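> Pasting the sequence and the predicted coordinates here, then a few questions.
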Amino acid sequence: MTQKILILQGDGIGPEIVAEAVKVLHWLVGEGLDIEFDIGLIGGSAYDASGHPLPEETLQQARAADAVLLGAVGGPQYESLERSLRPEQGLLGLRSELKLFSNLRPAILYPQLAEASTLKPEVVAGLDIMIVRELTGGIYFGQPRGVRTLENGEKEGFNTLVYRESEIERIGRSAFEIARQRGKRLCSVDKANVLEVTELWRQVMTRLGAEYPDVELSHMYVDNAAMQLVREPKQFDVMVTGNMFGDILSDAAAMLTGSIGMLPSASLDANGKGMYEPIHGSAPDIAGQGIANPLATILSVAMMLRYSLCEAGCAGRVEAAVGKVLDRGLRTPDIATEGQATVNTADMGDAVVDALAEEN
Ligand code: IPM
Ligand code: MG
């Protein structure tokens, strides 16, 4: 059956990087992959066109799709908008409406990029971590939230970090299942020494651990986890954590791989339907210049093939093709070491397609 992919380019470098990922998908269609495309608007570009960062039409398209490929949202021109109209709300709304609670962020160091990392090559060589981030709860969505004015006229901002047992349990299960298929080690990250909600998080994870005796469960406070990620990242196999801690730790993990331009993500619902996006942002500073790294988006396509389209073979081919172009020394500026020649966004996409074609 033909599967439907919704393409949401978004803002900034979004259209540039998504175009390269779509090239890869088109090539796979030529090889027999049975998908069709739909295109929609999200973020600032949706606001410009329709007055809202997540138009009703986009939501319907996303619901009707088997998988969503998203570029990035946001830009300085939207920062003064009322919060509910800002581009990020489009993305958060989509995650929440589609119940994409399980966010997988694999930080894998391609050996060719060991020199591109700001850490010593021996610290990062062979790195392969999976961060499982809870994506539809926690402080990102907790109520009450807002800014109020106190009696003395001073303003006070507040947000709520809240997790129910059932929310912790379902993300915990995702993480244990993934750990089971990998190195069988799961580190749950919390701040149980200070925050009650994460004390509950730790209790639930511990309870779940009894159901997964084959997975070695450990716990770590988030401040220590941040330190350990840059000190000795290879100690980790799978990490599971809440929405905000996961946002922060995954950016740190991305840099271990040489560039945030290398890290893809999958956001899955309970049935494996997913949205796929690079973890980096819309990079307005380099938008329109054709120099953004499309590899995180192309690797997000590989995750889409694997998790939503049940095409593990195709996914592996895309990942291998990325490895090949890196072998050949192709580098966008973000992953180039000093003095190394660089290619532009479109060249990089073309090179991945060429590498795919060669395998035949
Ligand atoms: C991410 C991003 C988003 C987040 C922003 C753009 C809302 O940083 O996907 O990591 O905070 O989740
Ligand atoms: Mg982030």
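Nice, I can see it. These figures come from a predicted structure and were not determined experimentally. Residues are numbered from 1 along each chain as shown. Ligands and ions are numbered 1, 2, ... in the order given.
> Over to E156. Which of the three states is it?
strand (DSSP: H, G, I helix; E, B strand; the rest coil).
> bridging residues for it?
R148 (DSSP bridges).
> just the helices in the stretch 201-350 of the chain please.
Along the stretch 201-350 of the chain, counting by DSSP state H, counting those that start in this stretch, helices occupy 222-231, 243-256, 295-307, 312-327, 345-358.
> For R145, which of the ones you listed is the nearest?
helix 243-256 (12.8 Å; Cβ to Cβ). Glycine gets a C-beta too; all of them are placed from N, C-alpha and C.
> okay, the angle between the closest one and helix 222-231?
If you take axes from the mean of the first three to the mean of the last three Cα atoms, to 10 degrees, helix 243-256 sits at 10 degrees to helix 222-231.
> Sort out which residues of helix 243-256 are buried, please.
243-247, 249-250, 252-256 (16 or more other Cβ atoms under 10 Å).
> Is it possible to get CSV of the residues you listed that adds pLDDT and distance to ligand 1?
As requested, those are arranged in CSV below (pLDDT from 0 to 100; distance: Cβ to the nearest ligand atom, whole Å):
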residue, pLDDT, distance to ligand 1
N243, 98, 7
M244, 98, 8
F245, 98, 11
G246, 98, 8
D247, 96, 5
L249, 97, 10
S250, 94, 6
A252, 92, 12
A253, 93, 11
A254, 90, 10
M255, 87, 13
L256, 91, 16
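> what's the closest of those to R148?
Using Cβ to Cβ, these come closest to R148 at M244, 21.3 Å.
> wait, that closest one sits on G137?
No: look at M244 against G137 with Cβ atoms under 8 Å: they stay out of range, at 10.3 Å.
> follow-up on the earlier one: can you say which of the helices of the stretch 201-350 of the chain is packed in most?
Across the helices of the stretch 201-350 of the chain, averaging neighbours per residue (mean count of other Cβ atoms under 10 Å) puts helix 295-307 on top, at a mean of 26.
> If you count contacts, what does it end up packed against?
Other elements packing on helix 295-307 under the criterion 3 or more Cβ pairs under 8 Å, 6 or more residues apart in numbering; DSSP states H and E are helix 14-30, strand 67-72, strand 102-108, strand 264-268, strand 274-278, helix 312-327, helix 345-358.
> How about the contacts made by the single nearest residue of the stretch 1-150 of the chain relative to ligand 1?
Closest residue of the stretch 1-150 of the chain to ligand 1, Cβ to the nearest ligand atom: E88 (4.0 Å). The neighbourhood of E88, defined by Cβ atoms under 8 Å, 6 or more residues apart in numbering, consists of 43, 53, 73-74.
> tell me which element it falls in.
helix 87-97 (DSSP states H and E).
> How far away from the center of its chain is that helix?
14 Å (Cα atoms, centre = their mean, to the nearest Å).
> avg pLDDT for that helix?
Averaged over helix 87-97, pLDDT sits at 97.
> what does the stretch 101-250 of the chain put close to ligand 1?
D247 (Cβ under 6 Å from any ligand atom).
> Let's see that with 8 Å instead.
Counting by Cβ under 8 Å from any ligand atom, the stretch 101-250 of the chain comes close to ligand 1 at 103, 135, 140, 243-244, 247, 250.
> so which pair among the residues you listed is furthest apart in space?
Y140 and S250 (13.8 Å).
> Run through who's touching stretch 75-85.
Against stretch 75-85 from outside (Cβ under 8 Å, 6+ apart): 11-12, 44, 47, 51-53, 86-87, 89, 282, 284, 287.
> 7 Å - rerun?
Stretch 75-85 is touched from outside by 11-12, 44, 47, 52-53, 86-87, 89, 282, 284, with contacts defined as Cβ atoms under 7 Å, 6 or more residues apart in numbering.
> And that stretch, what's buried?
75, 78.
> Okay, now that stretch: how far is its last residue from its first?
End-to-end distance for stretch 75-85, by Cα to Cα, to the nearest Å: 13 Å.
> List the contacts of I108.
For I108, counting by Cβ under 7 Å, 6+ apart, the contacting residues are 127-128, 257.
> Of those - the most surrounded one?
T257 (26 neighbours; other Cβ atoms under 10 Å).
> returning to what we had before: reformat the contacts of E88 as CSV; add pLDDT and neighbour count.
Converted to CSV, the contacts of E88 look like this (pLDDT from 0 to 100; neighbours: other Cβ atoms under 10 Å):
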residue, pLDDT, neighbour count
G43, 98, 31
P53, 98, 31
V73, 98, 31
G74, 97, 23
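> Quick check: the farthest pair among those residues?
So, the contacts of E88 by Cβ to Cβ: farthest apart are P53 and G74, at 9.6 Å.
> Now the common contact residues for those two.
With Cβ under 7 Å, 6+ apart, P53 and G74 have common neighbours 43-44, 87.
> just for this protein, where's the confidence low?
When residues are selected by pLDDT under 70, those of the chain lie in 359-360.
> spatially speaking, which residue is in the middle of it?
Note on the chain: the residue nearest the mean C-alpha position is S265, at 3.0 Å, using Cα atoms, centre = their mean.
> ok, so what distance separates that one from ligand 1?
Remark: distance between S265 and ligand 1 (Cβ to the nearest ligand atom, to the nearest Å) = 7 Å.
> if I read this right, that residue contacts A107, doesn't it?
No: look at S265 against A107 with Cβ atoms under 7 Å: they stay out of range, at 10.4 Å.
> hang on, the earlier thing: mind listing what the residue nearest to the centre of the chain touches?
Applying Cβ under 7 Å, 6+ apart, the residues near S265 are 103-105, 276-277, 279, 300.
> so what's Y163 closest to, chain neighbours aside?
Nearest non-adjacent residue to Y163, counting by Cβ to Cβ, 6 or more residues apart in numbering: V197, 5.3 Å away.
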